[in-house]
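Participant: let me see the structure of the following:
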Amino acid sequence: MKCTSYAALGAIFAATAAVAQDFSGSGQIWIINSTSLGGATPAESIGCLDATGALSLDDCATFTKLSTYPLTVSSEAGNCTFDDSSQPANTDSVYGAHSYAWHCLDGYVATTSDQLYTINGMNYPFLCHADTDCYYDIKLLPSSDTTAPVWSYLWGSQQTSVPAGHTKVMWYWNKTS
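Facilitator: As a prediction, this is how the structure comes out:
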């Protein structure tokens, strides 16, 4: 199934002008309600990540991308990861028993598996992780005074999309400095 993903990515990049993506310094991570790598825009934002890494409607944290190894991002709360087992697992997903919500925490030592990156050729700096995973999974939009977890998007032969009632989204790097 990854071959299909790579072929689709190739077609998207062939149809767009090569755009160098600036994923450096500090910025906010906006949640984009789209699954079109070539056609999504920041105007489709439905919220952002707060300092703990949860989806918020308007409490957008500033994240900093390390310019040295391990090239990860952190917020004022600390380094960010999908590997914090104290966070809710995506148990609605067939593959989500060990898929934990993105979380930023003090004292966590980030590793290369926590890296985010962009792919040159997209119109905007959308953030990917792992092996060309440029999508994320949310179950609900929070209210103005609550937050919601965001998981890595997982799929396979037993579940080819997000679980029923969930939404597949993208992350946009809104560089601030």
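
Participant: helix or strand for residue 170, which one?
Facilitator: strand 167-175 (DSSP states H and E).

Participant: can you pull the contacts of the nearest residue to residue 129 once chain neighbours are set aside?
Facilitator: Among residues not flanking residue 129 along the chain, residue 116 sits closest, at 5.2 Å (Cβ to Cβ, 6 or more residues apart in numbering). In short, each C-beta sits where N, CA and C put it, glycine included. Neighbouring residues of residue 116 by Cβ atoms under 8 Å, 6 or more residues apart in numbering: 23, 65, 72-73, 127-129, 171.

Participant: pick the one among these closest to residue 94.
Facilitator: residue 129 (20.0 Å; Cβ to Cβ).

Participant: count of residues packed around that closest one?
Facilitator: The local packing of residue 129 (other Cβ atoms under 10 Å) involves 19 other residues.

Participant: tell me who's in contact with it.
Facilitator: With Cβ under 8 Å, 6+ apart, residue 129 has these contacts: 82, 114-117, 152.

Participant: just give the number of residues close to residue 131.
Facilitator: 8.

Participant: output the below-cut-off pLDDT ranges for this structure.
Facilitator: Applying pLDDT under 70 to the chain picks out residues 1-20.

Participant: show me what contacts the closest residue to residue 147 other than its chain neighbours?
Facilitator: Beyond its immediate neighbours in the sequence, the residue positioned closest to residue 147 (Cβ to Cβ, 6+ apart) is residue 54, lying 3.6 Å away. Contact analysis of residue 54 by Cβ under 8 Å, 6+ apart lists 101-103, 142, 147-150.

Participant: can we see that at 7 Å?
Facilitator: For residue 54, the contact set (Cβ atoms under 7 Å, 6 or more residues apart in numbering) comprises 147-150.

Participant: equivalent analysis for residue 80, please.
Facilitator: Shown in contact with residue 80 (Cβ under 7 Å, 6+ apart): 53, 72-74, 102-104, 114.

Participant: of these, grab the buried ones for PyMOL.
Facilitator: In PyMOL, a selection of the buried entries from these looks like this (16 or more other Cβ atoms under 10 Å):
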select buried, resi 53+72+73+74+102+103+104+114
